[in-house]
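Q: How does the following fold in three dimensions:
(2 chains)
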Amino acid sequence: MATMNVLVATAEREVYRGEADMLVAPGLAGELGILPRHAPLLCQLKAGELRIRKGEEEDQVFVSGGFMEVQPDMVTVLADTAERATDIDEAQAIEAERRARELLEKRSGDTDIALAEAELALAVARLEWLKKRKKH
Amino acid sequence: MATAKEIRGQIKAVQNTAKITKAMELVAASKMRKAQDRVLAGRAYAEGIRRVIGNLMQAHPEYSHPFITKRDQVKKVGVIVVTTDKGLCGGLNTNALKAALNLVKDVQVGVESYTIGRRAAQFMRKIVKDLPAAVDEIPDAAELSDVLGVVSVAMERYIAGEVDEVHLVYSEFINTMTQRPVVTRLLPCLEVQEPTHPGYWDYIYEPDSKAALDGLLRRYVESLVYHAVLENKACEHSARMIAMKSATDNAKGIVRDLKISYNKARQASITQEIAEICSGAAAAG
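A: Now for the predicted structure:
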């Protein structure tokens, strides 16, 4: 069976590099499943989970948004920030959500509400992802 | 001739300077290693986005983004200059700024500058009239967000048609001994040299080609500048390490010379004293 090369990177570091049988990405309009020999695709990502399957193994990476380019033999994910399942901390995620809500409630003049909303959406997405991971 | 006591004071002063330069050398050495690691860590993204943009230039999108469209007439040019904040790093900033100066002379149209690092701001302010954006005190562990301000000003000025080209000047890290100033064009993006995906094809865009292209091209420009800042950090620390090492070596040489003069002065004073005692004794006898 054909495989494809996958590279997941943020500006600061490389998150994942390797072969994969299948990849599921959080596209702006919904989840996208990518198999090898997919047609060229350029897609914006929203905050969510990126799943990379290789044989029986599955790797999960949390991305906060970014871009994905698909070529038949190669997928490049350029994430804004990305965290591997192993290095995300639940306490930190909860704290981030709390702070974002606080910021939104205050609605003081100098806080950018759109920015706070985006931050909250990110914190919630991250927390949901963590909860789901815990169940497994 | 200086007395022995004066020379002893000079030796002390030079030795103290040597201690400081030695400490700076060690600090720079450890910072350099970290900075090099960061350059390597950021290389994956730079490589990824360069490949994607390369592919994109070969596709045939129906929407033509200003970042990849060359303008017929260049009336004004913007240049992003990356240097360090502090000196004491050999000829690093001088070389980068010389390259920037040559660029300003070569383009023969108006130039405005956006600077990263205090040295660049100080210098560019003198040679170009407009300095729409300047940032300094970028931390060693620079993040993408640290450079976004300057880059977005440059991109907005380009989109608004205030400038028709944007160039980037920074120092490239080759190895510890060698750093090279680099001048490259950021906008419009450079053309692909050898096509890797021939034929007439286009991407499927999601949500649409305009949003996807715009977001991706912006990130491309941002990542290039961010990478330049990382490279410049690695250059700064290695150049400073070398500069401080030669300063320490110089100080040691000076101490050696001063010690010889000190011994000579000491011997001369002893000789003189003995001569005085002898002549005193002879006069008394």
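Q: What helix or strand is residue 6 located in?
A: Went with chain A since none was named. Here residue A:6 is covered by strand A:4-9, with elements defined by DSSP states H and E.
Q: my bad, the chain I had in mind was chain B
A: helix B:4-58.
Q: which phi and psi does residue B:201 have?
A: Torsion angles at residue B:201 (phi, psi; degrees, to the nearest 10) stand at phi -150, psi 170.
Q: should've said residue A:26
A: Main-chain torsions, residue A:26, degrees, to the nearest 10: phi -80, psi 90.
Q: count of neighbours near the closest residue to it other than its chain neighbours?
A: Excluding the flanking residues, the one nearest residue A:26 by Cβ to Cβ, 6 or more residues apart in numbering or on different chains is residue A:48, at 2.9 Å. To be clear about C-beta, it is placed using only N, CA and C from the backbone, and glycine gets the same treatment. Residues contacting residue A:48 under the criterion other Cβ atoms under 10 Å in any protein chain shown number 20.
Q: correct me, but residue A:48 touches residue A:66?
A: No. Contact criterion Cβ atoms under 8 Å: residue A:48 and residue A:66 do not qualify, at 10.8 Å.
Q: Please, where are all the strands along chain A?
A: Assignment of strands within chain A using DSSP state E yields the ranges A:4-9, A:14-20, A:22-27, A:30-34, A:41-45, A:48-54, A:57-63, A:66-71, A:74-79, A:82-84.
Q: Please list all residues in contact with the nearest residue in space to residue A:121 that is not next to it in sequence.
A: Once flanking residues are discounted, residue A:121 sits nearest to residue A:47: 6.5 Å by Cβ to Cβ, 6+ apart. Contact analysis of residue A:47 by Cβ atoms under 8 Å, 6 or more residues apart in numbering or on different chains lists A:26, A:62, A:63, A:64, A:65, A:121, A:122, A:125, A:126.
Q: what's the distance between residue A:47 and residue A:23?
A: According to Cβ to Cβ, to the nearest Å, residue A:47 stands 17 Å off from residue A:23.
Q: quick revisit: just the buried residues from the contacts of residue A:47, in ChimeraX please.
A: Remark: buried members of those, expressed as a ChimeraX selection using 16 or more other Cβ atoms under 10 Å in any protein chain shown:
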select /A:26,62,63,64,65,122,125,126
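Q: Any chance of the contacts of residue A:47 in CSV with pLDDT and distance to residue B:152 as columns?
A: Output for those, formatted as CSV (pLDDT from 0 to 100; distance: Cβ to Cβ, whole Å):
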residue, pLDDT, distance to residue B:152
A:26, 92, 25
A:62, 88, 26
A:63, 89, 22
A:64, 87, 19
A:65, 87, 17
A:121, 78, 22
A:122, 78, 20
A:125, 79, 25
A:126, 77, 26
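Q: Would you mind listing where chain B has pLDDT under the threshold?
A: Applying pLDDT under 70 to chain B picks out residues B:1, B:192-194.
Q: With adjacent residues omitted, what lies nearest to the residue of it found nearest chain A?
A: Distance from chain A to each residue of chain B (Cβ to the nearest Cβ) is smallest for residue B:44, at 3.4 Å. Spatial nearest neighbour of residue B:44, excluding adjacent residues (Cβ to Cβ, 6+ apart): residue A:14 at 3.4 Å.
Q: How about residue B:31?
A: Using Cβ to Cβ, 6+ apart, the nearest residue to residue B:31 is residue B:237, at 4.4 Å.
Q: Give me the phi and psi for the one you found.
A: phi -70, psi -40.
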